[in-house]
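Undergrad: After the sequence you'll find the predicted model.
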Amino acid sequence: MNFKLVYIISVSFLLFSCGGGKVVNESNQANNSLSSKSIIITHLAASPEFSTLAARMQVVYENGDDLKSLTVSLRMEKNKKIWIKASILGITLAKVLITPGSVRFYENISNTYFDGDFSLLSDWLGTEIDFQKAQAILLGQSIFDLGAKHKSTVIVNKYKLQPKTQMNNFIYSLFLNPENFKISSETVSQPNDQRMFTVNYGKYQKIEGGHYPSQIRILAIQKGAETKIAVNYKKIDHNAPIRFPFTIPRSYEKIELN
């Protein structure tokens, strides 16, 4: 396991929601007459309320000939911390701790660690990321500024939202489910840089009145090279007492970014 994979795992879980509970499979139909403003307001209101979340999941990472299946534990304290532990066959490979002011992780195989900000993550995604945006995506909410002017259409019974005017070399759109106004898929493309990032959410589950996905599929393309990440949720505890154990071993070597 290397630095790039650990960071991709971090990215992955910044783009995931926590699952578990009753699957929502309603047959509500999208309303063609609903305004973009109403769609956005309803989507923002769909963000679930909680204090803590703890989940276990299986993650499959594929990049060319590199294929790995990881067991991952995720813990979250709303507005404060995101904690990730990746393991194979019960052996801890890496831990990640994300707070509003920092991104930190260490690897037990390479004996290295990183202690910095969100700049690398923002560069990899091609958009500015901070803790609040990361948390929003973690909960199945949009990271994009929906306060700007957007237009909406109904496509295959999904609400499609996109800016009325797209930024130069930054094109994005998102699709929302009509039954819960949570994200079905979200795409960012940067044609000049030959980059595209797509997240597809599976069916949503209802836990304590909030909606959370049960499966996530990510596809990242950069200059023809593809990275695929699949996440399946096994268990979730909602508002349970949790801890965030994280201590970087003194002997580990710090990763310096250029």
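TA: Here it is on my side, so go on. Residues are numbered from 1 along each chain as shown.

Undergrad: What residues of stretch 156-167 count as buried?
TA: Judged by neighbour count (16 or more other C-beta atoms under 10 Å), stretch 156-167 contains these buried residues: 158, 159, 160, 161, 162, 163. Yep, even glycine has a C-beta here, placed from its N, CA and C like the rest.

Undergrad: List of residues touching it?
TA: With contact meaning C-beta atoms under 8 Å, 6 or more residues apart in numbering, stretch 156-167 is reached by 29-30, 34, 36, 39-40, 142, 146, 148-154, 172-178, 181, 184.

Undergrad: same thing but 6 Å
TA: By C-beta atoms under 6 Å, 6 or more residues apart in numbering, the surrounding residues in contact with stretch 156-167 are 30, 39, 148-153, 173-176, 184.

Undergrad: Can you select the buried ones from these in ChimeraX?
TA: Buried residues among these (16+ other C-beta under 10 Å), as a ChimeraX selection:
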select :30,39,150,152,173,174,175,176,184
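
Undergrad: Give me the secondary structure label for residue 39.
TA: The local conformation at residue 39, judged by DSSP: H, G, I helix; E, B strand; the rest coil, is helix.

Undergrad: if I read this right, it contacts residue 151, doesn't it?
TA: No: using C-beta atoms under 6 Å, residue 39 is not in contact with residue 151; the gap is 10.4 Å.

Undergrad: residue ranges for the helices of the stretch 1-150 of the chain, please.
TA: In the stretch 1-150 of the chain, the segments counted as helices under DSSP state H, counting those that start in this stretch are 3-14, 36-45, 119-125, 131-138.
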